[in-house]
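Trainee: following is a predicted model, sequence given first.
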Amino acid sequence: MDKTFAVIGLGTFGRQLCETLAEKGATVIAVDNDPSLVDRVKQIVTQAVLLDATDPDGLSGAPLEEVDVAIVAMGDSVEASILATALLKKLAVPYVVSRAISDLHQQVLRQVGADEVVNIEIDQGIRVANRLISPDVLDQFAISSEISVSELYVPQAIVGATLAALDLRNRYQVNVVSVKRNRVEVDEYGNPKRLEQILFPGPGDTFERDDTILVVGRNDDIERFKQL
(Lines give C-alpha, C1' and ligand atoms only; values in the text may rest on other atoms or scores of the structure.)
Protein backbone atom coordinates (compact mmCIF):
# COMPACT_ATOMS: atom_id res chain seq x y z
CA MET A 1 0.00 0.00 0.00
CA ASP A 2 1.53 3.34 -1.02
CA LYS A 3 -1.06 5.70 0.48
CA THR A 4 -0.30 8.07 3.32
CA PHE A 5 -2.81 8.36 6.17
CA ALA A 6 -3.06 10.84 9.03
CA VAL A 7 -4.89 9.63 12.14
CA ILE A 8 -6.06 12.50 14.33
CA GLY A 9 -6.85 11.37 17.87
CA LEU A 10 -5.17 8.34 19.41
CA GLY A 11 -7.76 6.87 21.73
CA THR A 12 -8.78 3.24 21.38
CA PHE A 13 -10.34 3.74 17.93
CA GLY A 14 -7.48 5.86 16.60
CA ARG A 15 -4.78 3.56 17.94
CA GLN A 16 -6.46 0.55 16.34
CA LEU A 17 -6.57 2.42 13.03
CA CYS A 18 -2.85 3.16 13.30
CA GLU A 19 -2.00 -0.47 14.05
CA THR A 20 -4.12 -1.88 11.23
CA LEU A 21 -2.98 0.61 8.61
CA ALA A 22 0.68 0.14 9.57
CA GLU A 23 0.31 -3.66 9.43
CA LYS A 24 -0.96 -3.31 5.87
CA GLY A 25 2.09 -1.32 4.85
CA ALA A 26 0.66 2.19 4.78
CA THR A 27 2.54 5.33 5.74
CA VAL A 28 0.83 6.55 8.91
CA ILE A 29 1.15 9.93 10.63
CA ALA A 30 -0.38 9.84 14.12
CA VAL A 31 -1.47 13.08 15.80
CA ASP A 32 -2.67 13.83 19.34
CA ASN A 33 -2.18 16.46 22.04
CA ASP A 34 -1.66 13.84 24.77
CA PRO A 35 2.04 12.91 25.11
CA SER A 36 1.27 9.49 26.59
CA LEU A 37 -0.95 8.53 23.63
CA VAL A 38 1.63 9.76 21.12
CA ASP A 39 4.35 7.81 22.92
CA ARG A 40 2.22 4.64 22.81
CA VAL A 41 2.08 4.55 18.99
CA LYS A 42 5.46 6.01 18.03
CA GLN A 43 7.01 2.56 17.50
CA ILE A 44 4.10 1.51 15.27
CA VAL A 45 3.60 4.44 12.89
CA THR A 46 5.82 6.26 10.44
CA GLN A 47 5.63 9.52 12.37
CA ALA A 48 3.99 10.45 15.68
CA VAL A 49 3.27 14.14 16.19
CA LEU A 50 2.34 15.91 19.43
CA LEU A 51 0.03 18.83 18.66
CA ASP A 52 -3.47 20.18 19.11
CA ALA A 53 -5.42 19.45 15.91
CA THR A 54 -7.96 22.17 16.79
CA ASP A 55 -5.26 24.86 16.69
CA PRO A 56 -4.95 26.30 13.16
CA ASP A 57 -1.30 27.28 13.64
CA GLY A 58 -0.34 23.92 15.10
CA LEU A 59 -2.13 21.85 12.48
CA SER A 60 -0.77 23.92 9.61
CA GLY A 61 2.73 22.97 10.79
CA ALA A 62 1.97 19.25 10.72
CA PRO A 63 3.47 17.12 7.89
CA LEU A 64 0.21 16.79 5.95
CA GLU A 65 1.39 17.75 2.45
CA GLU A 66 1.59 14.16 1.21
CA VAL A 67 -1.44 12.84 3.11
CA ASP A 68 -4.04 11.11 0.93
CA VAL A 69 -6.59 10.41 3.67
CA ALA A 70 -7.02 11.92 7.13
CA ILE A 71 -9.15 10.17 9.74
CA VAL A 72 -10.52 12.29 12.57
CA ALA A 73 -10.88 9.63 15.25
CA MET A 74 -11.68 11.79 18.28
CA GLY A 75 -15.44 11.29 18.19
CA ASP A 76 -15.88 11.63 21.95
CA SER A 77 -14.98 15.31 21.77
CA VAL A 78 -17.64 16.67 19.45
CA GLU A 79 -16.35 20.23 19.21
CA ALA A 80 -12.75 19.11 18.67
CA SER A 81 -13.69 16.67 15.89
CA ILE A 82 -15.71 19.34 14.08
CA LEU A 83 -12.89 21.90 14.30
CA ALA A 84 -10.25 19.39 13.20
CA THR A 85 -12.37 18.28 10.24
CA ALA A 86 -12.91 21.86 9.09
CA LEU A 87 -9.19 22.70 9.43
CA LEU A 88 -8.10 19.60 7.50
CA LYS A 89 -10.38 20.52 4.60
CA LYS A 90 -9.08 24.10 4.75
CA LEU A 91 -5.55 22.66 4.45
CA ALA A 92 -6.70 20.84 1.29
CA VAL A 93 -6.36 17.27 2.55
CA PRO A 94 -7.94 15.32 -0.36
CA TYR A 95 -10.17 12.99 1.67
CA VAL A 96 -11.27 13.37 5.28
CA VAL A 97 -13.08 10.63 7.21
CA SER A 98 -14.56 11.73 10.53
CA ARG A 99 -16.02 9.76 13.41
CA ALA A 100 -19.46 10.82 14.71
CA ILE A 101 -21.27 9.83 17.89
CA SER A 102 -24.77 11.04 16.97
CA ASP A 103 -26.91 11.90 13.96
CA LEU A 104 -26.57 15.64 14.64
CA HIS A 105 -22.81 15.32 14.98
CA GLN A 106 -22.76 13.47 11.65
CA GLN A 107 -24.76 16.21 9.94
CA VAL A 108 -22.45 18.96 11.22
CA LEU A 109 -19.34 17.05 10.12
CA ARG A 110 -20.81 16.80 6.64
CA GLN A 111 -21.54 20.51 6.64
CA VAL A 112 -17.95 21.44 7.51
CA GLY A 113 -16.58 19.29 4.70
CA ALA A 114 -16.09 15.68 5.84
CA ASP A 115 -15.97 13.44 2.77
CA GLU A 116 -17.10 10.42 4.79
CA VAL A 117 -18.57 10.04 8.27
CA VAL A 118 -18.57 6.84 10.31
CA ASN A 119 -20.75 6.35 13.35
CA ILE A 120 -19.14 3.50 15.27
CA GLU A 121 -21.91 3.25 17.84
CA ILE A 122 -24.72 3.05 15.28
CA ASP A 123 -22.81 0.71 12.95
CA GLN A 124 -21.91 -1.64 15.80
CA GLY A 125 -25.49 -1.56 17.10
CA ILE A 126 -26.83 -2.54 13.69
CA ARG A 127 -24.32 -5.40 13.40
CA VAL A 128 -25.18 -6.76 16.85
CA ALA A 129 -28.93 -6.54 16.16
CA ASN A 130 -28.51 -8.32 12.82
CA ARG A 131 -26.47 -11.07 14.46
CA LEU A 132 -29.08 -11.61 17.18
CA ILE A 133 -31.94 -11.71 14.68
CA SER A 134 -30.03 -13.97 12.28
CA PRO A 135 -27.69 -16.19 14.33
CA ASP A 136 -26.70 -18.05 11.16
CA VAL A 137 -25.06 -14.80 9.95
CA LEU A 138 -21.66 -14.56 11.63
CA ASP A 139 -20.96 -11.02 10.49
CA GLN A 140 -22.29 -8.52 7.99
CA PHE A 141 -20.89 -5.35 6.48
CA ALA A 142 -23.05 -2.92 4.57
CA ILE A 143 -21.66 -1.68 1.26
CA SER A 144 -24.78 0.39 0.63
CA SER A 145 -28.34 0.46 1.95
CA GLU A 146 -29.18 -2.50 -0.32
CA ILE A 147 -25.92 -4.46 -0.72
CA SER A 148 -23.88 -6.27 1.95
CA VAL A 149 -20.99 -8.63 2.46
CA SER A 150 -22.07 -11.44 4.81
CA GLU A 151 -20.23 -14.27 6.51
CA LEU A 152 -22.56 -17.27 6.79
CA TYR A 153 -22.55 -20.89 7.78
CA VAL A 154 -22.79 -22.84 4.53
CA PRO A 155 -26.44 -23.83 3.88
CA GLN A 156 -26.67 -27.60 4.36
CA ALA A 157 -28.63 -27.93 1.10
CA ILE A 158 -25.50 -27.11 -0.92
CA VAL A 159 -22.99 -29.29 0.97
CA GLY A 160 -21.19 -31.53 -1.53
CA ALA A 161 -22.29 -29.53 -4.58
CA THR A 162 -19.87 -27.71 -6.88
CA LEU A 163 -19.98 -23.99 -7.43
CA ALA A 164 -20.58 -24.56 -11.14
CA ALA A 165 -23.55 -26.86 -10.56
CA LEU A 166 -25.15 -24.48 -8.08
CA ASP A 167 -24.89 -21.49 -10.43
CA LEU A 168 -25.49 -19.18 -7.46
CA ARG A 169 -24.83 -15.98 -9.37
CA ASN A 170 -27.70 -16.61 -11.77
CA ARG A 171 -30.07 -18.51 -9.48
CA TYR A 172 -29.69 -16.42 -6.32
CA GLN A 173 -27.80 -13.30 -7.48
CA VAL A 174 -25.09 -13.80 -4.85
CA ASN A 175 -21.35 -14.26 -5.30
CA VAL A 176 -19.23 -16.48 -3.05
CA VAL A 177 -16.03 -14.57 -2.35
CA SER A 178 -14.24 -17.07 -0.11
CA VAL A 179 -14.64 -20.22 1.98
CA LYS A 180 -13.21 -20.67 5.48
CA ARG A 181 -12.56 -24.32 6.28
CA ASN A 182 -11.40 -25.70 9.62
CA ARG A 183 -9.51 -28.96 9.90
CA VAL A 184 -8.16 -30.81 12.90
CA GLU A 185 -4.79 -32.56 12.59
CA VAL A 186 -2.73 -34.43 15.15
CA ASP A 187 0.80 -33.20 15.78
CA GLU A 188 3.86 -35.38 16.41
CA TYR A 189 3.00 -35.59 20.12
CA GLY A 190 -0.56 -36.75 19.50
CA ASN A 191 -2.17 -33.41 20.35
CA PRO A 192 -5.04 -32.18 18.17
CA LYS A 193 -4.22 -29.02 16.24
CA ARG A 194 -6.88 -26.91 14.55
CA LEU A 195 -5.97 -25.48 11.17
CA GLU A 196 -7.90 -22.78 9.37
CA GLN A 197 -7.84 -22.53 5.57
CA ILE A 198 -9.12 -19.66 3.47
CA LEU A 199 -10.10 -20.84 -0.01
CA PHE A 200 -11.11 -18.90 -3.09
CA PRO A 201 -13.37 -21.46 -4.74
CA GLY A 202 -13.33 -22.30 -8.43
CA PRO A 203 -16.17 -23.81 -10.48
CA GLY A 204 -15.27 -27.39 -9.56
CA ASP A 205 -14.82 -26.88 -5.81
CA THR A 206 -17.39 -28.32 -3.40
CA PHE A 207 -18.70 -27.06 -0.06
CA GLU A 208 -18.17 -29.05 3.14
CA ARG A 209 -20.48 -29.30 6.15
CA ASP A 210 -18.57 -27.05 8.57
CA ASP A 211 -17.54 -24.39 6.05
CA THR A 212 -18.28 -20.73 6.56
CA ILE A 213 -18.60 -18.63 3.41
CA LEU A 214 -18.27 -14.97 2.55
CA VAL A 215 -20.91 -13.82 0.08
CA VAL A 216 -21.77 -10.47 -1.48
CA GLY A 217 -25.12 -9.45 -2.90
CA ARG A 218 -28.36 -7.60 -2.29
CA ASN A 219 -29.72 -8.07 1.20
CA ASP A 220 -32.94 -9.71 -0.02
CA ASP A 221 -30.97 -12.14 -2.19
CA ILE A 222 -28.63 -13.07 0.66
CA GLU A 223 -31.62 -13.68 2.90
CA ARG A 224 -33.20 -15.93 0.27
CA PHE A 225 -29.94 -17.82 -0.25
CA LYS A 226 -29.33 -18.55 3.42
CA GLN A 227 -32.79 -20.13 3.70
CA LEU A 228 -31.70 -23.01 1.44
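Mentor: That came through fine.

Trainee: bridging residues for residue 174?
Mentor: Listed by DSSP bridges, the beta-bridge partners for residue 174 are residue 217.

Trainee: so where's the protein shaky on pLDDT?
Mentor: Segments of the chain classed as low confidence (criterion: pLDDT under 70) are 1, 75, 121-138, 184, 186-194.

Trainee: would you list every one of the strands in it?
Mentor: 4-8, 27-32, 47-50, 69-72, 95-100, 116-119, 137-142, 147-153, 174-186, 192-199, 212-218 (DSSP state E).

Trainee: format these as JSON lines; extra columns: mean neighbour count and distance to residue 107.
Mentor: Where C-beta positions appear, they are placed from N, C-alpha and C, glycine not excepted. Shown next, in JSON lines, are the strands of the chain (neighbours: other C-beta atoms under 10 Å; distance: least, C-beta to C-beta, whole Å):
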{"stretch": "strand 4-8", "mean neighbour count": "26", "distance to residue 107": "20"}
{"stretch": "strand 27-32", "mean neighbour count": "25", "distance to residue 107": "25"}
{"stretch": "strand 47-50", "mean neighbour count": "18", "distance to residue 107": "29"}
{"stretch": "strand 69-72", "mean neighbour count": "26", "distance to residue 107": "15"}
{"stretch": "strand 95-100", "mean neighbour count": "24", "distance to residue 107": "9"}
{"stretch": "strand 116-119", "mean neighbour count": "18", "distance to residue 107": "9"}
{"stretch": "strand 137-142", "mean neighbour count": "15", "distance to residue 107": "19"}
{"stretch": "strand 147-153", "mean neighbour count": "18", "distance to residue 107": "24"}
{"stretch": "strand 174-186", "mean neighbour count": "14", "distance to residue 107": "34"}
{"stretch": "strand 192-199", "mean neighbour count": "9", "distance to residue 107": "40"}
{"stretch": "strand 212-218", "mean neighbour count": "19", "distance to residue 107": "28"}
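
Trainee: now residue 15: closest residue in space, sequence neighbours ignored.
Mentor: residue 41 (5.9 Å; C-beta to C-beta, 6 or more residues apart in numbering).

Trainee: returning to that earlier point: let's have the strands of the chain in TSV, adding distance to residue 83.
Mentor: Shown next, in TSV, are the strands of the chain (distance: least, C-beta to C-beta, whole Å):
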stretch	distance to residue 83
strand 4-8	11
strand 27-32	13
strand 47-50	17
strand 69-72	10
strand 95-100	11
strand 116-119	15
strand 137-142	29
strand 147-153	34
strand 174-186	40
strand 192-199	43
strand 212-218	38
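
Trainee: of all those, which lies closest to residue 106?
Mentor: strand 95-100 (3.9 Å; C-beta to C-beta).
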